[in-house]
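Undergrad: Make a model of this:
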Amino acid sequence: MTEAPAGPARSTRSTCPYCGVGCGVIIHSEGERITGVSGDPDHPANAGRLCSKGQTLHLTADPVVMRQTRLLQPLHRARRGGPTQAIAWDAALDMAADRISSIVQQHGADALGFYVSGQLLTEDYYVFNKLVKGLLGSNHIDTNSRLCMSSAVAGYKLTLGADAPPACYDDVQHAGCLFVAGSNAAYAHPVLFRRIEDARRQQPPMKMVVVDPRRTDTATQADLHLAIRPGTDVMLFHGLLHQMLARGWVDEAYIRAHTSGFEALQELVGGCTPERVGQVCGVNADDLLTAARWFAWGGAESPTPQRAATLSLYCQGLNQSQSGTAKNASLINLHLATGQIGRPGAGPFSLTGQPNAMGGREVGGLANLLSAHRDLANPQHRAEVAALWGLPDVPARPGRTAVEMFQAAADGEVKALWIACTNPAQSMPDQTTVRRALERAEFVVVQEAFATAATADFADLLLPATTWGEKDGTVTNSERRITRVRPAVPAPGQARHDWQIGVDLAQRLEARLRPGQPTLFPYDRPEAVWNEHRESTRGRDLDITGLSYAALEQAPQQWPLPEGQTTGRARLYGDGVFPTTDGRARFAALPYRPVAEERVSEFPFSLTTGRLRDHWHGMTRTGTLGRLFGHVPEPCIDLHPDDLQALGLPPGALVQVRSKRGQVVVPVRPDDGVALGQAFMAMHWGSEYLSGRGVDGRPLAGVNALTTSAHCPQSKQPELKHAAVRIEPARLGWSLLAAAWLPAESALTARETLRRLLPELAFASCVPFGHARTGVLLRAADTAAPEPELLDRITALLRLDAPQTLVYADAARGHWRRVLPHTSGDQRLLQGFLLAGDTRAEAWLLPLLLQQDPLQADARLLLTPGAQAPQPQCARSAQVCSCFAVDAAAIDAALQQQPADQGEDARLQALQAGLRCGTGCGSCVPELRRRIRAIAPSGLITASHQA
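TA: Next comes the predicted model:
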């Protein structure tokens, strides 16, 4: 890829490609190069705000980054695991069409599996849905939304009658009580959390309840934190309803007028007494009563003539569970029982995980759905779609969902996998099965923007797709708001839009499978696809026949917006009428079930997974920026300090974490926000960043080697949030740490090459670092020193083989030290180092490198072994603010100097004025508040906190 020539500066309105908040962005570009990004002040989702990820989008699109990470031409592997070779687009698509049509003719269309993504645009989704269900006549297409939103879909449909979130973002300002369950919104939906912070400042009486096993940054801001045991949400919600019934806090008039099925639910929750809830959930009776009162009366301390509003916000903690549908439905039960729905500030609001998971649901992208929220099981719905598509019928049998699809491929039933815009070799649970599926499938196509995704290693055919800043179409966010996605720059290299790839494939398959018939795919632009999707919604709950691309060019709009109307509907069900057969909402009497894997003596820890503040999914994009690793620099697993002590482990020690399915080796970190007997590990750490070699010699596959594919029977969403694990010292006697600043144009290539060496060691992690510069850090361990050739390769990739490198070697003991100083102006600085065998000098060498402190002593003293530094230095401190690279030590020092009579808000303002932390994206504000509460102006520690 060559450098794009400079051109006229322009600004393009589009959307952020990360979470489901759906923030509007303005992309700044010059010619074919993206030069900056800012929040769109006119977009109703964010009003100009962006989080730490959104603010750095333009850096991920820098040509220097793209040359090292993007897939820019079709590639083919003649043999699985072999090298790739360039292939022309026509040849690649002909090959794909030949292989797919051959499999269909030999084994039937059900031998195919298509796995797509909530990061596709609605137009992309629609084409692939029609290709599989219409042209191929199979329903074996599913999406990674199955991993995040299918329980929310099932919960809405079961209770309210349709997959339609009834609330909107503005409801945050109108709520008297925010009930946040299974969501660390401060990390997962930061811009929405900024709105929550604003609303609470403007309305001090507002109450916030957070339900989460961990004391997250969201939980630390709550008026009440219900630290339930993992997976016990259904029992908690039933217990809340039990309390409401016992005290007459339900809205009997609303129940009689607008619902059905309450008697069965009332009988079910009769046994969910405070004592029973306490035994199961670990929540005391007083807190349970307070939460029930606040929920029922919108934050009021006692019943009032007019109920104030309660808005619930929930995400993966409810969805990613074998009881996912029950959790969602049981929370919605509380809203129906108290009439907390259909008015400003009230309602059950599922926060979408991905930028267009909602759009995928709209076009029927899941294996059990059809376009416009139609159900495969409904003959009339199938007939309507067949008529729209000009086909005699569409298949009736539900397709394989994500977990089922990969299990079938591992069993040899699915012969070909087509994977678009998602990374199952990182994100799917039970990676042993997933990787066996990718290895056993006869033909694997990966349609992807990034060549660095783990799944790309398994592909026979790699097809380059466009990504953020290049795509053209629409997305729908959590509040049902459709926004135009506009391209700011042309597609790089030979990359093509996903909908175009789908159309090109479909037309080739038509020539082979239905020759001579009119094409089903006459699209020449995304608007043509969208117009057909629009027509499919006519008369449905999500009717958008009153919308057009031209209207969306003016402003984003919420659905429904039927023909004849000019604006969408912000809230649903205000009239008490629901899209069910009798117009009534339905209470769902679903019993509590424990987690799929309860803790036992062999696996005594409950592992939960979740997001980091500054990263997204498998980090194919955010992982290109060292600055986004400042907050959590390396892979780790968090345990309560008392559990570390009981295991005899110091912070940073390597532990082996094992479940029934797999293992991972990772450093351990103390965190008193994690309960005793529990552990937390970020869901982002796949084999691209954390790996090693198992006892069987096979590569370790990151955190999802541990998670279970047990899933909800209704939604088929896997229980990614919980697994029973054993944690014990790894007992690896030889260790290595190497880190170096590298030229920006080669640093990511070096990291990618290094990560392919990870399985040669029992444990290894490799991450970028640096705010303004780019560095690479490799940490590894094994039972004994590896062959010298491996160290030579590491040394060369980190450019620590320069003539001026200082070297110490003791091969007999497996000890090596390399230190590379360099001169910048009139200062001597550290460029990089490698410690092998004895890594104690990390304590002072790594801060010296990261902080770029001048070398004061003789450079040869940098080879000194041990933890004692040869020159005075500042202690290393964790970064808190990503925007301005402000660390914890600087923040704590500033807090200690503040006047003793200041309140929390004043202290925060002074901190922001002095250090600028919290003034950029604002994502660090919850942590700043936590530190303010922990550190008194005198410097006295008033509460435990994690540095």
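
Undergrad: At the geometric centre of this structure, which residue sits there?
TA: In the chain, the residue lying closest to the centroid (Cα atoms, centre = their mean) is H617, at 3.9 Å.

Undergrad: Does it touch S427 like I think?
TA: Yes. Taking contacts as Cβ atoms under 8 Å, H617 lies within contact range of S427: 6.6 Å. Backbone N, C-alpha and C define where each C-beta goes, glycine included.

Undergrad: Which other helices and strands does the helix or strand harbouring V277 contact?
TA: Under the criterion of DSSP states H and E, V277 resides in helix 274-281. Applying 3 or more Cβ pairs under 8 Å, 6 or more residues apart in numbering; DSSP states H and E, one finds that helix 274-281 contacts helix 233-246, helix 285-296.

Undergrad: Tell me which of these sits most buried.
TA: The highest mean neighbour count among the helices and strands packed on helix 274-281, using mean count of other Cβ atoms under 10 Å, belongs to helix 233-246: a mean of 25.

Undergrad: what pLDDT, on average, does it get?
TA: Per-residue pLDDT over helix 233-246 has a mean of 98.

Undergrad: Run the angle between that helix and helix 274-281 for me.
TA: Calculated by axes from the mean of the first three to the mean of the last three Cα atoms, to 10 degrees, helix 233-246 forms an angle of 170 degrees with helix 274-281.

Undergrad: Can you tell me which helices and strands helix 233-246 packs against?
TA: Counting contacts by 3+ Cβ pairs under 8 Å, 6+ apart, helix 233-246 packs against helix 262-269, helix 274-281, helix 285-296, helix 324-338.

Undergrad: Could you export that helix as CSV, CA atoms only?
TA: Presented in CSV, the C-alpha positions along helix 233-246 are these (Å, rounded to 0.1, in the frame of the first residue of the first chain):
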residue,chain,number,x,y,z
ASP,A,233,-29.9,-12.6,38.7
VAL,A,234,-33.2,-14.5,38.2
MET,A,235,-33.5,-15.3,41.9
LEU,A,236,-32.7,-11.6,42.7
PHE,A,237,-35.4,-10.3,40.4
HIS,A,238,-37.9,-12.8,41.7
GLY,A,239,-36.9,-11.8,45.2
LEU,A,240,-37.5,-8.1,44.4
LEU,A,241,-41.0,-8.9,43.1
HIS,A,242,-41.7,-11.0,46.2
GLN,A,243,-40.9,-7.9,48.3
MET,A,244,-43.1,-5.7,46.1
LEU,A,245,-46.0,-8.1,46.4
ALA,A,246,-45.6,-8.4,50.2
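
Undergrad: so how far is that helix from its chain's centroid?
TA: Averaging C-alpha positions (Cα atoms, centre = their mean, to the nearest Å) puts helix 233-246 30 Å from its chain's average.

Undergrad: Can you mark which positions in the helix or strand following that helix are buried?
TA: Counting by DSSP H and E, the element after helix 233-246 in chain order, helix or strand, is helix 252-258. Judged by neighbour count (16 or more other Cβ atoms under 10 Å), helix 252-258 contains these buried residues: 254-255, 258.

Undergrad: elements contacting helix 252-258?
TA: For helix 252-258, the elements it packs on are helix 324-338, judged by 3+ Cβ pairs under 8 Å, 6+ apart.

Undergrad: Keeping just the C-alphas, turn the helix it packs on into PDB.
TA: Output of helix 324-338 as PDB, limited to C-alpha atoms (Å, rounded to 0.1, in the frame of the first residue of the first chain):
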ATOM      1  CA  GLY A 324     -30.200 -15.500  29.500                       C
ATOM      2  CA  THR A 325     -33.800 -15.400  28.400                       C
ATOM      3  CA  ALA A 326     -35.000 -15.900  32.000                       C
ATOM      4  CA  LYS A 327     -32.800 -13.100  33.300                       C
ATOM      5  CA  ASN A 328     -34.100 -10.700  30.600                       C
ATOM      6  CA  ALA A 329     -37.700 -11.700  31.000                       C
ATOM      7  CA  SER A 330     -37.600 -11.600  34.900                       C
ATOM      8  CA  LEU A 331     -36.300  -8.100  34.800                       C
ATOM      9  CA  ILE A 332     -39.000  -7.000  32.400                       C
ATOM     10  CA  ASN A 333     -41.500  -8.700  34.700                       C
ATOM     11  CA  LEU A 334     -40.600  -6.000  37.300                       C
ATOM     12  CA  HIS A 335     -41.300  -3.200  34.900                       C
ATOM     13  CA  LEU A 336     -44.700  -4.700  34.000                       C
ATOM     14  CA  ALA A 337     -45.600  -5.400  37.600                       C
ATOM     15  CA  THR A 338     -45.000  -1.800  38.600                       C
END
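
Undergrad: Pairing partners for the helix or strand following it, with directions?
TA: Once the chain leaves helix 324-338, the next helix or strand it forms, by DSSP H and E, is strand 347-350. Paired with strand 347-350 in the same sheet, following DSSP bridges, are strand 310-314 (parallel).

Undergrad: With just CA atoms, put the strand it pairs with into PDB.
TA: This file holds the C-alpha atoms of strand 310-314, laid out as PDB (Å, rounded to 0.1, in the frame of the first residue of the first chain):
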ATOM      1  CA  THR A 310     -37.400   3.600  36.900                       C
ATOM      2  CA  LEU A 311     -35.200   2.800  33.900                       C
ATOM      3  CA  SER A 312     -33.300  -0.400  33.800                       C
ATOM      4  CA  LEU A 313     -30.100  -0.700  31.700                       C
ATOM      5  CA  TYR A 314     -28.700  -4.100  31.100                       C
END
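
Undergrad: what separates it from the chain centre, distance-wise?
TA: Chain-centre distance of strand 310-314: 20 Å, with Cα atoms, centre = their mean.
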